[in-house]
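Asks: Could you work out the structure for the sequence below:
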Amino acid sequence: MKFSNYSIFRKDLLAHGLAAAAEHSRAMGFDAVEFLASYKGAPLFESITAAGKAKRLLDSCGLSVSCYSMAANLTEKDPQKGIDSVLYNVECAAALGAPYFHHTLIPAYRYPTPRLSYAEALEAVRENAARTVEHCAKYGIVCLYEPQGLYFNGVEGVSHLLEEMKKHYTNVGICGDTGNSLFVDVPATDIFAAFAKDIRHIHVKDYSVTDPDGGECRERSLSGKYIREVLPGKGVNDFEKLFGYVKGYGGNVSMEFVCDDDEMRAAIAYIKGFFC
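Replies: The predicted structure is shown next:
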């Protein structure tokens, strides 16, 4: 099992560039990094050649790319902002040597107007989701889904999507995220129990979830609970139970939160303890 730097790597990459981000990742004890591309704004890589150059720099630092993630909206009507951008980022993932490409489908935590039913939402993303999986297959990449947004979240929301994709493709799986399902009031343990055999990659985070109390919070759940990011082990997640569903997991564990270096080293040791 390896540990991958996700959130701090992205922060360093945007603020200081790739070389500094890679150096910091190694200093914190990471084996790999995970890239995050957005479907809005400038591309993360200006060319596929630039992505290949980034791989060579990471190789020289002893770092692999665990996964290439993208915040995509597959209902976007403009191909350049939507599916064309997604397919381009699959090619970037390939140039980086990433074994997995994870993307969102309808990422918002607010329903659109007019509000789509789940069946309508699935139909709206079906074609572009299929095109993405097929493009991943050309490069030997597995396409991953995780609980995200309102539609494709929770056990039921993810199940229907995964079942639909598995009817036609073998290069699909689940990114086991330990926090996103809390936004629809579903414990992460339910996600890991339901999808244990399909989990190929793991995102670690933890949240405190409380009734409204006037305290600091970043987000609210579907039922109105206050959600605030905390260090792993300080929130609601039962990591021992959660990781018990994926005994023998040998893939990457990607740390998706920001903290100082000593806190991150302690968090890596804490999570590693559940797999020993």
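Asks: can you pull out the helices in the protein?
Replies: Listed in chain order, the helices of the chain (DSSP state H) span 7-16, 18-27, 48-60, 83-95, 118-138, 154-166, 188-195, 239-244, 261-272.
Asks: quick one: the last one to chain centroid distance?
Replies: Looking back up the chat, that one is helix 261-272. 19 Å (CA atoms, centre = their mean, to the nearest Å).
Asks: For that helix, which outside residues touch it?
Replies: With CB atoms under 8 Å, 6 or more residues apart in numbering as the test, helix 261-272 has contacts from 1, 3, 8, 27-30, 204, 231-233, 239, 253, 255, 257, 259. Heads up, the C-betas are built off the backbone N, CA and C, glycines and all.
Asks: Can you mark which positions in it are buried?
Replies: Buried residues in helix 261-272, counted by 16 or more other CB atoms under 10 Å: 264, 267-268, 271.
Asks: circling back: could the helices of the chain go into CSV alongside mean pLDDT?
Replies: Below are the helices of the chain laid out as CSV (pLDDT from 0 to 100):
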stretch, mean pLDDT
helix 7-16, 97
helix 18-27, 98
helix 48-60, 98
helix 83-95, 97
helix 118-138, 97
helix 154-166, 97
helix 188-195, 98
helix 239-244, 98
helix 261-272, 98
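Asks: Nearest approach to residue 112 belongs to which of those?
Replies: Residue 112 lies closest, by CB to CB, to one member of those: helix 118-138, at 8.8 Å.
Asks: buried residues in stretch 229-243?
Replies: 229-230, 232, 235-237, 239, 242-243.
Asks: next one: stretch 32-43
Replies: 32-37, 39.
Asks: Check stretch 203-222 too.
Replies: 203-209, 217, 221.
Asks: Please state the offset of that stretch from the chain centre?
Replies: 19 Å.
Asks: got the CA positions of that stretch in PDB?
Replies: Extracted in PDB, the C-alpha atoms of stretch 203-222 (Å, rounded to 0.1, in the frame of the first residue of the first chain):
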ATOM      1  CA  HIS A 203      -9.600   9.200  -0.800                       C
ATOM      2  CA  VAL A 204      -9.200   9.800   3.000                       C
ATOM      3  CA  LYS A 205     -10.800  12.700   4.800                       C
ATOM      4  CA  ASP A 206     -12.900  13.200   7.900                       C
ATOM      5  CA  TYR A 207     -15.600  15.600   9.000                       C
ATOM      6  CA  SER A 208     -17.300  16.600  12.200                       C
ATOM      7  CA  VAL A 209     -21.100  16.500  11.600                       C
ATOM      8  CA  THR A 210     -23.200  18.400  14.100                       C
ATOM      9  CA  ASP A 211     -26.600  20.000  14.500                       C
ATOM     10  CA  PRO A 212     -26.600  23.800  13.700                       C
ATOM     11  CA  ASP A 213     -24.900  25.500  16.700                       C
ATOM     12  CA  GLY A 214     -23.600  28.700  15.300                       C
ATOM     13  CA  GLY A 215     -20.000  27.400  15.100                       C
ATOM     14  CA  GLU A 216     -17.600  27.400  12.200                       C
ATOM     15  CA  CYS A 217     -18.700  25.200   9.300                       C
ATOM     16  CA  ARG A 218     -17.800  24.900   5.700                       C
ATOM     17  CA  GLU A 219     -20.800  23.100   4.300                       C
ATOM     18  CA  ARG A 220     -24.200  21.700   5.300                       C
ATOM     19  CA  SER A 221     -25.600  18.200   4.500                       C
ATOM     20  CA  LEU A 222     -28.800  17.500   2.700                       C
END
